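J.: just the structure for this:
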Amino acid sequence: MAKVVGIDLGTTNSAVAFVQAGKPEVITSKEGSRLIPSVVAIDNTSEIVGITAKNQMVTNPEQTFYSIKRLIGRRYDDAAVQKDIELLPFEIRKSDKGGVEIRFGNEWVAPEVISAKVLAKIKTDAEAYLGETITEAVITVPAYFDDSQRQATKNAGKIAGFDVKRIINEPTAAAIAYGLDKKGDSTIAVYDLGGGTFDVSILDIGDGVYEVRSTAGDTHLGGDDFDQRLIDHFISEFKKEQGIDLKEDAAALQRLKEAAEKAKITLSSSEVADVNLPYITADAKGPKHFRLQLTRAQFENIVGDLVDKTFDSVKKALSDAGLEKSDVHEVIMVGGMTRMPLVLRKVEEFFGKKGNQSVNPDEVVAVGAALQAAVLAGDSSVQDITLLDVTPLSLGLEVNAGEMHVIIPRNTTIPTEKTEDMFTTAVDNQPAIDVKVLQGERPLAKDNKVLGSFRLEDIPPAPRGTPRFAITFKLDANGILNVKAKDVKTNKEQSITITASTHMEQEEIDKRVREAEENKAKDEEVVTRLKTKNDAESLVYQTEKLVKDYKDKIGEDSAKELTDKSTALKEMVSKDDFNIDEVKSAYDELVQKSQDAGAKIYAEDPNAAGMQPTGEAAANTEKKKDEPIEGEVVE
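T.: Numbering: from 1, shown residues only. As a prediction, this is how the structure comes out:
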């Protein structure tokens, strides 16, 4: 049986593992290391990957590519990406689709193309280690990666020559590696602070089932940010001493980055780190050297707020899971940054228990991915594992009044599929509907992220409210979304798979969740206004149709009264600042008059088609649940 490997594609370092006779093993690279730096470089005309590429970052900064995971599947215009661009030495531009492109030698490529080169190196090393061809893999991503980031990661694997069997969340992989389900039913928190990202997941585990109850995180908070704080500190200290700003010196910045990483690692086990960079730069007076002694206390003071920031996500994850921190039985530590004493101390202070570091935090994710890979490959030596991850934000579509109609609520267990067939047209003879797919927590469509859109065309001419459309949202185990619209009568279909051309920033996700709470009252008022207007316009349409179709049965006076009242209601809601209470009063009055007319029609002709009011009146008259929602998807 061919091996299926598990890959932790990290921001700073990557790792790959496989399962042999039920036991996971981390593969050693050709250079003799269990960790492969996620670095790619062009040296003259050749491409190099891993430790060799990392070793020449100082001498070739503009053609050495790292921290690519922070750019994969993202939009160029996002604020967090712009911040990264300022710090990265290689050229980055906006692609035609609004994503990120990187100058790689003489061509411009997407971030996943460079990530694919890291994965190709992993594939080559794994094949050399195992002595066989490897084609299948499970790849991990941060739990809070959105649809486009997951798709871009999967694409990188495909470019590298892998058949990616599944994309799984890093915290879930870590929980599998710890084998905590063997200890009985429990609730755990996975605290994952890596090189470029932070995320936390709350899981219920037991009997081989790993159910994620909630997840939160920050895809722009990790070891790179700790390094940058040290780099800024070094630059500031050197400027005070020598009056020279090293920010514009690319080679000096790379040396400072290397020194910052080494000092950070040293301070995890020592109280003091000596930074010594001879010939860091030169001026008219000659070469300049940089020497500094950094204590652990100084380092913790410089980066303490970054550690504190991780607990904003921890608190959010606990809240979303409906738990208190005392409900967590165990906290497992993932990522190289969790070796930092301050991180361990803060985790213990918050949860009241020490973080579990019994598995190497640099390798634990790859080990968990390998175990899942073995299960997918049908390896009978590995206990069957069931993963139940969740989607971090609600998914839905824009409806006629400019609202977001949620199809899949946030923290829904995936994979999942949901279909609603209550959608119809907003105007007579509408030839097509536009389906706009949204992600977020705000009630108004404009306040949420647009993931993509498509059009269902060639709808047969019919009065508004007559056609019916089924909308299906399918979210697979990799967290990748497919949306389909189907005309129930003609069976005509159109669909879209959310790909890497559309994506949402982590900061944007957090901002939208926060704004949803802060603007709840205001949003409710706006939604009420929109619903009131939509219901009024729908009632006006039905009233005009009633008068047109049954004028001879309801009489001239009744027809004139209905027309006058519907015209007045139409004029009222045409104003942006209409009074909601006045409109509701006029609406209720017109509903009553329409019902009176309907009763009169029915009395004269029991077979006549009756009128069904919409909106609030519909609720008052016990509208049937299977009636279509008028105008929810619009032209």
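
J.: quick one: residue 567 from residue 586, how far?
T.: Using CB to CB, to the nearest Å, residue 567 is found at 11 Å from residue 586. Glycine gets a C-beta too; all of them are placed from N, C-alpha and C.

J.: when the two are compared, which one has more neighbours?
T.: residue 586 (21 against 13; other CB atoms under 10 Å).

J.: doesn't residue 571 make contact with that one?
T.: No: shown here, residue 586 and residue 571 do not form a contact pair, counting by CB atoms under 8 Å, at 10.0 Å.

J.: stretch 121-139 spans what distance, first to last residue?
T.: When the termini of stretch 121-139 are compared using CA to CA, to the nearest Å, they are 14 Å apart.

J.: pull out the buried residues from that stretch.
T.: Under the neighbour-count criterion of 16 or more other CB atoms under 10 Å, stretch 121-139 has 121-127, 129-130, 134, 136-139 buried.

J.: same check, this time on stretch 274-292
T.: 275, 277, 280, 281, 288, 290, 292.

J.: columns secondary structure, pLDDT and distance to residue 113 on top of the residues you listed, output as TSV?
T.: Formatted as TSV, the buried residues of stretch 274-292 follow (DSSP: H, G, I helix; E, B strand; the rest coil; pLDDT from 0 to 100; distance: CB to CB, whole Å):
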residue	secondary structure	pLDDT	distance to residue 113
275	strand	93	35
277	strand	90	33
280	strand	89	34
281	strand	88	34
288	strand	87	39
290	strand	92	36
292	strand	93	38
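
J.: which one of the residues you listed sits closest to residue 19?
T.: When the buried residues of stretch 274-292 are compared for distance to residue 19 (CB to CB), residue 275 wins out at 42.0 Å.

J.: thinking again about what came up before, just the ones of the buried residues of stretch 121-139 in strands?
T.: 136, 137, 138, 139 (DSSP state E).

J.: would you map the helices across the stretch 101-250 of the chain?
T.: 111-130, 147-159, 170-178, 223-242, 250-266 (DSSP state H, counting those that start in this stretch).

J.: of the ones you listed, which stretch is the most buried?
T.: Of all these, helix 170-178 has the most neighbours on average by mean count of other CB atoms under 10 Å, namely a mean of 28.

J.: which residues sit against it?
T.: 6, 8, 24, 140-143, 188, 190, 192, 194, 199-201, 203, 205, 210, 212, 215, 332, 334, 356, 358-359, 364-369, 371-372, 385, 387, 389 (CB atoms under 8 Å, 6 or more residues apart in numbering).

J.: can I get the buried part of the residues you listed as one PyMOL selection?
T.: With 16+ other CB under 10 Å as the criterion, this PyMOL line picks the buried residues out of the contacts of helix 170-178:
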select buried, resi 6+8+24+140+141+142+143+188+190+192+194+199+200+201+203+205+210+212+215+332+334+356+359+364+365+366+367+368+369+371+372+385+387+389
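
J.: doesn't residue 480 make contact with residue 151?
T.: Yes: between residue 151 and residue 480 there is a contact under CB under 8 Å: 5.5 Å.

J.: quick one: end-to-end distance for stretch 176-195.
T.: Note: stretch 176-195 ends 21 Å apart using CA to CA.

J.: for stretch 316-333, same thing?
T.: With CA to CA, one end of stretch 316-333 sits 18 Å from the other.

J.: chain center to it, what's the gap?
T.: 21 Å (CA atoms, centre = their mean, to the nearest Å).

J.: Three-state assignment for residue 342, please.
T.: Three-state call for residue 342 (DSSP: H, G, I helix; E, B strand; the rest coil): helix.

J.: buried residues in stretch 90-103?
T.: Quick answer for stretch 90-103 (16+ other CB under 10 Å): 90, 92, 99, 100, 101, 102.

J.: just the C-alphas of it, formatted as PDB.
T.: Extracted in PDB, the C-alpha atoms of stretch 90-103 (Å, rounded to 0.1, in the frame of the first residue of the first chain):
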ATOM      1  CA  PHE A  90      10.800  41.000  -2.300                       C
ATOM      2  CA  GLU A  91       8.500  42.700  -4.800                       C
ATOM      3  CA  ILE A  92       4.800  42.200  -4.500                       C
ATOM      4  CA  ARG A  93       2.000  43.600  -6.600                       C
ATOM      5  CA  LYS A  94      -1.800  43.400  -7.100                       C
ATOM      6  CA  SER A  95      -2.900  40.700  -9.500                       C
ATOM      7  CA  ASP A  96      -5.600  41.100 -12.200                       C
ATOM      8  CA  LYS A  97      -8.100  39.400  -9.800                       C
ATOM      9  CA  GLY A  98      -7.200  41.500  -6.800                       C
ATOM     10  CA  GLY A  99      -5.000  39.000  -5.200                       C
ATOM     11  CA  VAL A 100      -1.200  39.000  -4.500                       C
ATOM     12  CA  GLU A 101       1.500  38.400  -7.000                       C
ATOM     13  CA  ILE A 102       5.200  38.000  -6.200                       C
ATOM     14  CA  ARG A 103       8.200  38.700  -8.500                       C
END
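
J.: got the contact list for it?
T.: By CB under 8 Å, 6+ apart, stretch 90-103 touches 61-65, 68, 71, 73-77, 81, 85, 108-111, 114, 500-501, 503.

J.: which among those end up buried?
T.: 61, 63-65, 68, 71, 73-76, 81, 109-111, 114, 500-501, 503.

J.: the closest residue to residue 553 other than its chain neighbours: what secondary structure?
T.: Distances taken as CB to CB, 6 or more residues apart in numbering place residue 601 nearest to residue 553, at 5.0 Å, with adjacent residues excluded. Following three-state DSSP, the label given to residue 601 is helix.
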